[in-house]
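Colleague: model this:
(one chain, ligands or ions: 1)
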Amino acid sequence: MADTYDFGLVGLGVMGRNFILNVADNGFSAFGNDLDQEKVSALIEEGGNPQKVNATTDAQVFVNALSTPRKIMLLVPAGKIVDAVIESLLPLLDDGDIIIDGGNSFFTDTDRREAYLKEKGINFFGAGVSGGAKGARLGPSIMPGGSREAYQHVKPIFEAVAAKYKDEPCVTYLGPKSAGNYVKMVHNGIEYGLMQLTSEIYDLLKKAGKLTNNELHRTYADWNGGRLQSFLVEITSEILTQKDDLTDNDLVDMILDKAKQKGTGKWTSQNAMDLGIPVPTIDIAVSMREISALKEERTKADSLYDRPTPEETVKSSLVDQCEQALYFAFIMAYAQGMHQLADASKEYGYGLDLGEIAKIWRAGCIIRAALLADITEAYRAEPELQNLLLSKSFIGKVQGTVKAARELVSYGALNGIPLPGLSNALTYFDAYTSQRLPLNLIQAQRDYFGSHTYERIDREGIYHTQWEE
Ligand code: 6PG
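Modeller: Reported below is the predicted structural model:
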């Protein structure tokens, strides 16, 4: 058995087990490692053929079983556990072996680990893996970053197991150091934005259009057949038809409206602030998860204030407007995420190719959508595009849908239906496309109270005025 397995994986939870079975389905032999004997046995049993899929609790047996350079993927929770697993493997590895962290690790942790392991002769990859348990089993989108040379050893396996979009694998080498984890982080930020938008539109259709869950299910299913086609719209349609097995109700109505988070959306926002790149649709999606957590306070406040009764709407035109507004806002969420990636690429020296990133998001991942084919084309046509909104191919898409966004945002405001994602998307659009913003006044105020100086529109230089009090 020594030196015979092509791929090793530590962490045989659902994701790990599914990933290994996917590797084996694609013609590579894989060896798993986990401290939990039950998980090890379950994998061996499910794998069927121990020549193809095997596993052990013993790290030495695991390492010995792998062909060199060893390719060992970690699918363990992000944080200290990753460091602990690395430390336990390190004495057993040889120069040139490869460790791939497939979790949602924070990108600076990946940089630290990469530098540390490089000194020890080990290649370290941070590789975002998206698509949940099903994706891991049938084809995820994989976002690897690390040494370009070492990637050649991993490439055949990753290309075989990744999701395919029209035969093209949803994986590519993204860049050095933490490029892979960074791209996955922003993927998740966009994911937060799209989820928030999808749920706001659901709320609007329910409260303003009085659509039943069955009508909502059909509406999202119809949309999924058109330009809004995406994983999140598709699963929304399916969720809306699920019955509760504990009551006679639809399951969605029985789920508590407090959304949890593991931090990747927040990291995207925090880092965008550090870079000075506006991503308001992602920011507000994070804030809404925080507001959602304040259930008791919200309930108390709800009883203290009057709220308008939503004005009646014509169902069919509301549905049509919602489709347009959701499409508009999805574009804004992708535009913001891509803008952040463009800037981070320069700041951190990743050398990202945004067209390649959009390309590997077209299938397998949570934010996969028909729109990503258009985004891929836009960046292929103009690799240096600063923002999707500056692409000629997007002007018509945005121009044709922004009116619906305006109408719904104003309806929501007048009728007390919170649409923070949609209104932020609209505000982002209006601000980003404004040649002149009122921030001249902010500059004047800063100079007035703190002599912070300002620039002028008619000549170069830095100015300060002795303001008359
Ligand atoms: C994916 C997802 C996944 C993420 C979940 C939960 O691409 O498969 O992004 O990596 O962990 O979506 O994230 P939250 O718990 O933060 O919502």
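Colleague: which residue sits closest to the one residue in the stretch 351-469 of the chain that gets nearest to the ligand, ignoring its sequence neighbours?
Modeller: Proximity to the ligand, evaluated over the stretch 351-469 of the chain using CB to the nearest ligand atom, is greatest for I366 at 4.3 Å. C-beta: built from backbone N, CA, C; applies to glycine. Excluding the flanking residues, the one nearest I366 by CB to CB, 6 or more residues apart in numbering is E191, at 5.0 Å.
Colleague: and that neighbour, how many neighbours does it have?
Modeller: By the criterion of other CB atoms under 10 Å, E191 has 23 neighbours.
Colleague: what about it, helix or strand, and which?
Modeller: helix 179-207 (DSSP states H and E).
Colleague: pLDDT of the helix or strand encompassing Y428, averaged?
Modeller: Element membership of Y428 [criterion: DSSP H and E] is helix 420-432. The average pLDDT within helix 420-432 is 98.
Colleague: Can I get the lengthiest strand in the chain in CSV? Just the C-alpha atoms.
Modeller: Ranked by residue count under DSSP state E, the longest strand found in the chain is strand 123-130. Presented in CSV, the C-alpha positions along strand 123-130 are these (Å, rounded to 0.1, in the frame of the first residue of the first chain):
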residue,chain,number,x,y,z
ASN,A,123,4.3,24.0,-0.6
PHE,A,124,1.2,25.4,1.0
PHE,A,125,-2.0,26.2,-0.9
GLY,A,126,-5.1,28.0,0.3
ALA,A,127,-7.9,26.7,-1.9
GLY,A,128,-11.4,27.9,-1.5
VAL,A,129,-13.9,25.2,-2.2
SER,A,130,-17.5,26.2,-2.9
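Colleague: Which secondary structure elements does that strand sit against?
Modeller: Other elements packing on strand 123-130 under the criterion 3 or more CB pairs under 8 Å, 6 or more residues apart in numbering; DSSP states H and E are strand 98-101, helix 107-119, strand 141-145, helix 148-161, helix 179-207.
Colleague: Highest mean neighbour count out of these?
Modeller: Compared across the helices and strands packed on strand 123-130, strand 141-145 shows the largest average neighbour count, a mean of 29 (mean count of other CB atoms under 10 Å).
Colleague: Run through who's touching that one.
Modeller: 100, 110, 125-131, 135, 151, 154, 158, 161-163, 170-184, 187, 350, 357, 360-361, 363-365, 368 (CB atoms under 8 Å, 6 or more residues apart in numbering).
Colleague: what about the helices in the stretch 151-300 of the chain?
Modeller: For the stretch 151-300 of the chain, the helices defined by DSSP state H, counting those that start in this stretch cover 179-207, 213-224, 231-239, 251-254, 264-275, 280-293, 295-304.
Colleague: now the ones you listed in a markdown table, with distance to V319?
Modeller: Converted to a markdown table, those look like this (distance: least, CB to CB, whole Å):
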| stretch | distance to V319 |
| --- | --- |
| helix 179-207 | 7 |
| helix 213-224 | 6 |
| helix 231-239 | 13 |
| helix 251-254 | 18 |
| helix 264-275 | 28 |
| helix 280-293 | 22 |
| helix 295-304 | 27 |
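Colleague: Out of these, which gets nearest to the ligand?
Modeller: Among the helices of the stretch 151-300 of the chain, the nearest to the ligand by CB to the nearest ligand atom is helix 179-207 (4.5 Å).
Colleague: So what's the gap between that closest one and the chain middle?
Modeller: 8 Å (CA atoms, centre = their mean, to the nearest Å).
Colleague: do stretch 72-84 as well
Modeller: 20 Å.
Colleague: Report the inter-axis angle for the helix holding E191 versus strand 123-130.
Modeller: What separates the directions of helix 179-207 and strand 123-130 is an angle of 10 degrees, with axes from the mean of the first three to the mean of the last three CA atoms, to 10 degrees.
Colleague: Now tabulate the helices of the stretch 151-300 of the chain in a markdown table and tack on mean pLDDT and distance to V10.
Modeller: Output for the helices of the stretch 151-300 of the chain, formatted as a markdown table (pLDDT from 0 to 100; distance: least, CB to CB, whole Å):
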| stretch | mean pLDDT | distance to V10 |
| --- | --- | --- |
| helix 179-207 | 98 | 17 |
| helix 213-224 | 98 | 37 |
| helix 231-239 | 98 | 28 |
| helix 251-254 | 98 | 35 |
| helix 264-275 | 98 | 21 |
| helix 280-293 | 98 | 30 |
| helix 295-304 | 97 | 38 |
